[in-house]
Every structure is written in C-alpha cells, then in structure tokens.
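[1] I would like to see how this sequence folds:
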Amino acid sequence: MKTNYLAFDLGAGSGRSVVGTLEQNKLTIKELTRFNNEMTVVLGHYHWDIYKLFEELKTGLKAYCQSEKQMPESIAVDTWGVDYGLLSTDGNLAGLPYAYRDARTDGQMEAFFKRVPREKIYQLTGIQFMQLNTLFQLYAAKKMNNSALNNASTLLFIPDLLNYFFTGQKKTEFSFATTSQLYNPVTKSWETELFKALDIPVSIMPEIVMPGTIIGNLTESVAGETGFAKVPVTSVASHDTASAIAAVPAKGKNWAYLSSGTWSLMGIETLEPIINEKSLQHNFTNEGGIDGTICFLKNITGMWLLQQSKKAWLTKKDFSYDELVDLAKQEPSFKCFVDTDAHELMNPKDMPLAIQEYCRKTNQFIPQGVGAIVRCIFDSLAMKYKFVLSQLKELSPFPIEVLHIIGGGSKNSYLNQLTANALGIPVIAGPAEATAIGNILTQARATKNIQSLEELREIVSNSFPVEKFYPENSAAWENRFGQYQMTLKNQ
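    This is a model prediction of the structure:
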C-alpha cells in the first residue's frame, strides 16, 4: 500500500516542507517548499518570528494540496532545540520567542551555579552545559523580570508551539524536553528542584509525550484556510537531531554518528543515560531519542562558522559552497586551528575577522584570504571531531568502529575525507535528508505502517545511497593533534 506523509523540518537558518511516500518498504521524498528562517532583532534582542514560520507551514499545506492526489496519513514538525514560547492565561502567545543566540544569557550559567551547583545540575539532568540551554534562558528571563514569564500559564517549545497552532493541543515531546536541561532522565519527569531554584512553577510545563504520539487533528480554521483535510498531527522526535539519528542507516551497535549542519552533534545511541564524573568532565549530554533511547552526544559548533563567513563575504562575492571548498583545497593544511566552540565565535558581527583575531590571540599563523580561512575552518572541524571522538571512546560501553555522518554536511565530500583521515576510522556519509526522513518514518510508525526501529533503519538503507570514506595519512593528523590541543589551552 502506498502512503504519504508530510514533514516540516525547521532549522535555525532555513526550513522546508517535504512529502514522503512509503511503498513496499521503500521511501521516496520530495521537497515542496523551502524558506529562510532568520533571527530578527527587536529592541536589541534576537527573536524568532514564529508567526512568519507558521505562515510558511500553511504555505506548505497548500503546496501539498496542489501537488499530491491523496491526503497524507499525518503531518509533523521538527525544529532546532532549546527555544520556547510562553502562553498567557487566554491561550495566546505572549511575545515573540527569544533566539538561543541572544546575549541575555551571557554569564547566567555561572550565576545559576551559585543557586544549584554544576555537579548537582548534571546529576539531575545529564545534560551538557551550554549557556543557550532553556534552563539558563529562563534564569535570564527571570532576572530581567520578564512579564511574559511572570504571567505565563504554559511554556511550549518551538515544535510544540507550532503543533498548538495546528491543533489547539498543548503537549511537549520527549526528545525536545530533554534538550532543555529541565528534565530528569532517571525519574522521567520535569525536575522540580530546578524549577524551585528558578522560582518558576513547574505547572507551566505540559504533559510529556513520546515520539509517535498523535497530538490531534488540524483545526477547522487551518484546514479551511489551506484546503487541507483535518488530518492527524503527529509528535515525532521533534528535536531535529533526534529525528536525524533515527534515520542513521546502521546495523549492530559499534558505531557513532555525526549529525552535521549548523551544529555538529557527535555521539552514540544507548538504552540508558550515561551520567558520571567523566561524562560531566567531558560535558556530554543525554538527550531523548526514538523508542525511549538516549542520544548520548556532544554539541559542537559546525557549519555555522562557514555559513557566517560566506555571509560576511557577500560584499566581495556570493561564493557557492563548492567554490569555497575548491579554494580551501588550494591551501596548505595545518597552518592554524580555532576552537569552533569558542565564545567569541558564537555570534560575531564579522566571522572571518573573529577567526583571524582568535589565531592572533593564540599566537598562530593568521589566515589571509577566503581560501585560507575556509581551510582553517575545515581543519579545525576535523580536529574537533577527533578530539570529541577520543572522549566518546572513553565513555562508550562498546567499541566505535565506524562513523555515520548524516544531515546537510554529509554532502561535503572534502570535509568527510578530512574527518576520516583525522579519526582513523571509516566514515559513511548519508543520507543528507536524515532529519526529514526520520520525521516521516516516525510518522509511519505512529500510523502502524512500520513496526520497529530496526525496520525503520532498514527502509533507510534500502532507499538512500551512502558514500564511504576510508582514512588516509592519519599519522599526519595524529602528529598535529598536540598542536590543536595547545590551541584550546591557549584561549
């Protein structure tokens, strides 16, 4: 039987609607619409224009009606992590959601540690410490005496908020809830001790549902406006990383993944959280996945550096990504490195200038020109992956023999080869559309057309090609690894 599903996949830079058709254990996908998603600055703070995003989703519904003959079995939304909106008592959104790169969280993580020690927070949540986590966003909002928070009846994360606009139902999905650093993976509930420390009532947090839960049907108003039927809205693994990991075309367990996009997320899939002194020391996170699995991983700033550099060079030329790769290939390797997670590279006004300043501050070669800066970014990313994999190997309950790279970054064959060289293990790249694929196939599980995670991954393997990369000259990367580590220490 042929079944259709509609996925909305929203990243921190762009979004799209994708239709998936499942027939005879094979999936085909087609992009219907694509749109930009950029932070907007209001009174000096970065926000998301959630209403514009919702209009884009409704445009996706209309595009589906124009292109497809049969209604989908369901629709579903996934997005980037941690960000949220607040509903007032009348059910309306109280202001545009803040964006995680907003500077209001500067210093708030360290300030909150005076209320609840770092070690205690990690013991309760198992989540990596990043100032953008929802926990520290809420603390910053509380200190600002934010009126939307003070009068909130409900907190909804971005995909839950869009589901609410679609259905009128207020639910929070498991994988996204775990990104907040407000969820306890052992008790499987909101961590009340942290809400007490925030002086925020835990009652504003909705019921948590698992991936594959039907939230409700499209409202009559949305269906009428778009010409769509009142189809079910499914809560998939709504954190985009969890949806992508669900679509890793792997067998067995001796593998790691790298979800490569604006962020790079490297980790393993486990059945239980890993929370101990070493995972705290290495700052690894335990986020939720499909079927109650744990995505044990570390967040790494990924293609953000290249994306922002490309944006800064627009005054010179609108380089394509292929052109940037070709320019990088012409430059010598290992001239300089940056820590992609350095605070000064989080959201600078001029990324190339910030990279040069980092190299100057750490007494390194200062890259001049587009190619040299891109080469620095690629070498630094590959070294960062090597650094994180070495930590992951210490913590993994099984050996790691291969790395699966999924997401948009998996199309960068040059960086994939550098990564294989640096890590010294084979790299399997693809599918690039892993997030949308995971979203769609989780919907298929919700409608009983797929029975297990193993079957889901078998369908991915049957449906989408992958590219394999084997290590070359890994000794050179090993020899330079000490130089890279010194760069981290010299910040």
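
[2] Which helix or strand in this structure has the lowest average pLDDT?
    helix 474-489 (a mean of 91; mean pLDDT, DSSP states H and E).

[3] quick one: that one to chain centroid distance?
    For helix 474-489, the separation from the chain centroid amounts to 27 Å (computed by Cα atoms, centre = their mean, to the nearest Å).

[4] tell me which strands and helices it is in contact with?
    Packing contacts for helix 474-489, counted by 3 or more Cβ pairs under 8 Å, 6 or more residues apart in numbering; DSSP states H and E, involve helix 370-395, helix 413-423. No exception for glycine: its C-beta is placed from N, CA and C like everyone else's.

[5] CA atoms of it as CSV?
    What follows is helix 474-489, C-alpha atoms only, in CSV (Å, rounded to 0.1, in the frame of the first residue of the first chain):
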residue,chain,number,x,y,z
SER,A,474,46.1,9.6,9.6
ALA,A,475,49.6,9.8,11.1
ALA,A,476,49.9,13.4,9.9
TRP,A,477,46.7,14.3,11.8
GLU,A,478,47.9,12.5,14.9
ASN,A,479,51.2,14.4,14.8
ARG,A,480,49.4,17.7,14.7
PHE,A,481,46.8,16.8,17.3
GLY,A,482,49.0,18.1,20.1
GLN,A,483,49.3,21.4,18.3
TYR,A,484,45.5,21.6,18.1
GLN,A,485,45.1,20.8,21.8
MET,A,486,47.6,23.5,22.7
THR,A,487,45.4,25.9,20.8
LEU,A,488,42.4,25.0,23.1
LYS,A,489,44.5,25.6,26.2
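
[6] Using the record's domain definitions, break the protein down for me.
    Domain assignment for the chain by automatic domain parsing gives 3-238, 249-430+466-491.

[7] Compile those into TSV and extend it with columns for distance to Gly438.
    What follows is these, written out as TSV (distance: least, Cβ to Cβ, whole Å):
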stretch	distance to Gly438
domain 3-238	6
domain 249-430+466-491	8
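
[8] for these, which one sits closest to Ala444?
    When the domains of the chain are compared by Cβ to Cβ, domain 3-238 sits nearest Ala444, at 5.5 Å.

[9] can you count the residues close to Gln330?
    Using other Cβ atoms under 10 Å, Gln330 has 11 neighbouring residues.

[10] from here on, count from 17
    Okay, residue one is now 17; in that scheme the one you just asked about reads as Gln346.

[11] In contact with it, which residues?
    Gln346 makes contacts with Gly387, as judged by Cβ atoms under 8 Å, 6 or more residues apart in numbering.

[12] Just to check, His63 is in contact with Leu109?
    No: assessed by Cβ atoms under 8 Å, His63 is found out of contact with Leu109, at 11.7 Å.

[13] Determine which of the domains of the chain approaches Lys464 most closely.
    Smallest distance to Lys464 across the domains of the chain (Cβ to Cβ): 9.8 Å, for domain 19-254.

[14] roughly how far is that closest one from the heart of the chain?
    Mean-position distance between domain 19-254 and its chain equals 12 Å (Cα atoms, centre = their mean).

[15] Can you list the low-confidence ranges for the stretch 167-316 of the chain?
    Within the stretch 167-316 of the chain, no stretch has pLDDT under 70.

[16] Would you map the strands across it?
    Using DSSP state E, counting those that start in this stretch, the strands of the stretch 167-316 of the chain run over residues 170-173, 188-189, 199-200, 205-206, 224-225, 229-233, 248-251, 271-276, 279-286, 301-304, 310-317.

[17] Now render those as a markdown table, adding distance to Thr141 and mean neighbour count.
    Below are these laid out as a markdown table (distance: least, Cβ to Cβ, whole Å; neighbours: other Cβ atoms under 10 Å):
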| stretch | distance to Thr141 | mean neighbour count |
| --- | --- | --- |
| strand 170-173 | 16 | 23 |
| strand 188-189 | 15 | 27 |
| strand 199-200 | 6 | 23 |
| strand 205-206 | 10 | 16 |
| strand 224-225 | 14 | 18 |
| strand 229-233 | 23 | 18 |
| strand 248-251 | 21 | 26 |
| strand 271-276 | 21 | 27 |
| strand 279-286 | 16 | 23 |
| strand 301-304 | 8 | 27 |
| strand 310-317 | 12 | 23 |
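
[18] okay if I get the helices and strands packed on helix 490-505 as JSON lines plus mean neighbour count?
    Below are the helices and strands packed on helix 490-505 laid out as JSON lines (neighbours: other Cβ atoms under 10 Å):
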{"stretch": "helix 386-411", "mean neighbour count": "22"}
{"stretch": "helix 429-439", "mean neighbour count": "23"}
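
[19] want to try JSON lines for those, with distance to Phe192 and mean pLDDT as columns?
    Below are the helices and strands packed on helix 490-505 laid out as JSON lines (distance: least, Cβ to Cβ, whole Å; pLDDT from 0 to 100):
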{"stretch": "helix 386-411", "distance to Phe192": "23", "mean pLDDT": "98"}
{"stretch": "helix 429-439", "distance to Phe192": "28", "mean pLDDT": "98"}
